[in-house]
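Undergrad: Return atomic coordinates for the entry below.
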Amino acid sequence: MTPKHFLDLHEHPTDVIKHVLSVAHSLKRDRSLHRTALAGKTLAMIFERPSLRTRVSFDVGMNQLGGHSIMLTAAEIQLKSDTSVPDAARALSRYVDIIMFRTFAHSYLTSLAEHAAIPVINGLTNDTHPCQVLADIMSFEEHRGPLDGKIIAWSGDGRDNVCTSWIHAARHIPFILKIAAPKGHQPDEKLLAAMQSQGAQIEVMEDTAAAVRDADCVLTDTWVSMGQEADTIARRETFVPYQVNSALMAQAKKDAVFMHCLPAYRGQEVTREVIDGPQSIVWDEAENRLHAQKAVMLWCLGII
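TA: Sure, this is the predicted structure:
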């Protein structure tokens, strides 16, 4: 039987994504739901990259569903090259029931999934962050209702992994995604064309004010992700005009919400008055990683 992986949002039918989100909302409303569904099951969490929210939310989530989790670092299980990933997948498939992998190279994730006999979940790669965007969507729906017809504005790196997963999400839900990013940091044109051909409404521009004007939600992410530290100075200079501050938020709707996947660097990609202000829902986002990922694990293991 082919395992049910959860690697990227655009790889699944729309009804699956909406079902997972619906279950996530139910799990948040009633923490007792499915509390023994994964009894006797074990989740292996593999971290090549450090983590706070991903580690804790998956660990606590598995526990709340009655299961058990094991944390592993890439170093301790000797993921030293592409050739070591298939062997790790084969071995873990004999021990545990499901794997969450947080890594740098997306190819490591797809290789692990290809050779695993059990479900694999994308906990983040350089390319995408689907679990984060499920939590983002869930958070918006809690505060502002359905995303249909809403304007979602992104300011910053258009090739950021969270931004890419929002592009994937636009294939499933009829919102308008406006991305403000400097040249050289705009989304891949082939990806945009592919998603737009499947109904995604996406606009890309350099003008931040134009992207944010009348938006229902404004998003950004750190300008320097893990692995990009050598380019810190250059990247900061490039993205200064894309900072989300009070002046930029004033271009959005009065009831617009602000989201950030965290960790945030106040005074860089976002100012303190925005992320700590009344329009920010970043802590709901952080919490909703727990509920969204519980739903993903239940789906992967055939419970929902």
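Undergrad: where do the helices sit along the stretch 151-300 of the chain?
TA: Using DSSP state H, counting those that start in this stretch, the helices of the stretch 151-300 of the chain run over 161-169, 189-196, 208-212, 232-239, 246-249, 272-275, 282-300.
Undergrad: Now tabulate these in TSV and tack on mean pLDDT.
TA: Below are the helices of the stretch 151-300 of the chain laid out as TSV (pLDDT from 0 to 100):
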stretch	mean pLDDT
helix 161-169	98
helix 189-196	98
helix 208-212	98
helix 232-239	88
helix 246-249	98
helix 272-275	98
helix 282-300	98
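Undergrad: Redo those helices as JSON lines? Include distance to Pro86.
TA: Yep, even glycine has a C-beta here, placed from its N, CA and C like the rest. Converted to JSON lines, the helices of the stretch 151-300 of the chain look like this (distance: least, C-beta to C-beta, whole Å):
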{"stretch": "helix 161-169", "distance to Pro86": "24"}
{"stretch": "helix 189-196", "distance to Pro86": "27"}
{"stretch": "helix 208-212", "distance to Pro86": "42"}
{"stretch": "helix 232-239", "distance to Pro86": "34"}
{"stretch": "helix 246-249", "distance to Pro86": "46"}
{"stretch": "helix 272-275", "distance to Pro86": "41"}
{"stretch": "helix 282-300", "distance to Pro86": "20"}
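Undergrad: what's the most buried one of those?
TA: Of all the helices of the stretch 151-300 of the chain, helix 161-169 carries the top mean neighbour count, a mean of 25, counting by mean count of other C-beta atoms under 10 Å.
Undergrad: tilt between that one and helix 189-196?
TA: Calculated by axes from the mean of the first three to the mean of the last three C-alpha atoms, to 10 degrees, helix 161-169 forms an angle of 40 degrees with helix 189-196.
Undergrad: neighbouring contacts of helix 161-169?
TA: If you take C-beta atoms under 8 Å, 6 or more residues apart in numbering as the criterion, helix 161-169 is touched by 8-10, 17, 124-130, 132-133, 136-137, 152, 154, 156-157, 177, 179, 181, 187, 191-192, 195, 200, 202, 219, 221, 225, 261.
Undergrad: Take those residues and keep only those in strands.
TA: Secondary structure from DSSP state E places Leu124, Ile152, Trp154, Leu177, Ile179, Ile202, Leu219 of these in strands.
Undergrad: tell me the contacts of the fourth one?
TA: With contacts defined as C-beta under 8 Å, 6+ apart, Leu177 is in contact with Ile152, Trp154, Trp166, Ile167, Ala170, Ala200, Gln201, Ile202, Glu203.
Undergrad: okay, now the domains of the chain?
TA: Domain ranges of the chain: 9-129+286-300, 131-282, per automatic domain parsing.
Undergrad: What pLDDT is listed against the closest residue to Asn288 other than its chain neighbours?
TA: The shortest distance from Asn288 to any non-neighbouring residue, by C-beta to C-beta, 6 or more residues apart in numbering, is to Ala135 (3.9 Å). We have a pLDDT of 98 for Ala135.
Undergrad: Then Val244?
TA: pLDDT recorded at Val244 is 98.
Undergrad: my read: it touches Val274, true?
TA: Yes. At 5.6 Å, Val244 counts as touching Val274 under the criterion of C-beta atoms under 8 Å.
Undergrad: Understood, closing this out.
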